[in-house]
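Q: Sequence plus the predicted model coming up.
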Amino acid sequence: MKQFFARLAVLLLAGTLSACAGAEPVNSASEPQTFSSPEASSVSQAEPAAAEGPRILVAYFSATGNTGRIAGILQSELDADLFAIQPQQPYTDEDLNYSNDECRANQEQNDPAARPAITGTPEDPGAYDLVFLGYPIWWGGAPKVVYTFLESCDFGDAVIVPFCTSGSSDIGSSAEDLQPLADKARWQAGQRFSGSASEAEVLDWLEALELPAE
Ligand SMILES: Cc1cc2nc3c(=O)[nH]c(=O)nc-3n(C[C@H](O)[C@H](O)[C@H](O)COP(=O)(O)O)c2cc1C
């Protein structure tokens, strides 16, 4: 983890010296196959960070707990702020029943204009240097509440690192589709985890993460 923080220091220095921007492309999409739906984990709201130095936010949406668990691993490892994106109207099991074409989740994913209301945003989004943004894959994309979230926050030129969980699909174009909603940010290639990814898998990814200006 020392290496990660060393790279982060370089990133922050580069961000201070130049207003460089530009998104890196993410992988191509793949089709949904088998899905899992374990228990939901608890969520929490971001607390203002007291420490000086790099400010890191782990923001995530999780309907059934998988992405929330990964977010918790990242938060704990990085001592970051944690923010749960919460829809004003929570998703019921019926809302998430993707085998029903008319379920709420499917309707939202099929509607380009859908922006489900959320309960709030971090207190000072522009204060973060690095933002990990997590979500489950829904029909190859990010749930529309994540779109609402990004349209409600200004992360400035922060580095955004997307991550997702899914039954089997890769991250595909889900993160690329989000980039126009935070177009000043320095988006990094994202990472997909299975819903049951181990802590070691998450930490290995974190350790190898390539940040800009490295
Ligand atoms: C509406 C809906 C659509 C989904 N679409 C996909 C998909 O396209 N590909 C996939 O692999 N998994 C899909 N899944 C499964 C979820 O991505 C997976 O269970 C994820 O880990 C759930 O994360 P969460 O517990 O944080 O909500 C879908 C689940 C739902 C509810």
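A: Nice, thanks for sending it over.
Q: need the strands for the protein, in chain order.
A: Assigned by DSSP state E, the strands in the chain fall at 56-60, 81-84, 130-136, 159-166, 186-187, 191-194.
Q: Including distance to the ligand, could the ones you listed go into TSV?
A: Where you see a C-beta, it was placed from the backbone N, CA and C, and this is true even at glycine. Output for the strands of the chain, formatted as TSV (distance: least, Cβ to the nearest ligand atom, whole Å):
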stretch	distance to the ligand
strand 56-60	8
strand 81-84	11
strand 130-136	3
strand 159-166	3
strand 186-187	21
strand 191-194	7
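Q: how about those in a markdown table, adding mean neighbour count and mean pLDDT?
A: Shown next, in a markdown table, are the strands of the chain (neighbours: other Cβ atoms under 10 Å; pLDDT from 0 to 100):
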| stretch | mean neighbour count | mean pLDDT |
| --- | --- | --- |
| strand 56-60 | 26 | 98 |
| strand 81-84 | 24 | 98 |
| strand 130-136 | 27 | 98 |
| strand 159-166 | 25 | 98 |
| strand 186-187 | 24 | 97 |
| strand 191-194 | 20 | 98 |
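Q: Make a markdown table out of those strands and add distance to residue 174.
A: Formatted as a markdown table, the strands of the chain follow (distance: least, Cβ to Cβ, whole Å):
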| stretch | distance to residue 174 |
| --- | --- |
| strand 56-60 | 14 |
| strand 81-84 | 19 |
| strand 130-136 | 8 |
| strand 159-166 | 6 |
| strand 186-187 | 12 |
| strand 191-194 | 9 |
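Q: Report the beta-bridge partner residues of the residue nearest to residue 78 when sequence neighbours are not counted.
A: Using Cβ to Cβ, 6 or more residues apart in numbering and skipping residues adjacent in sequence, the residue nearest residue 78 is residue 56, 5.1 Å away. Applying DSSP bridges to residue 56 gives these bridge partners: residue 130.
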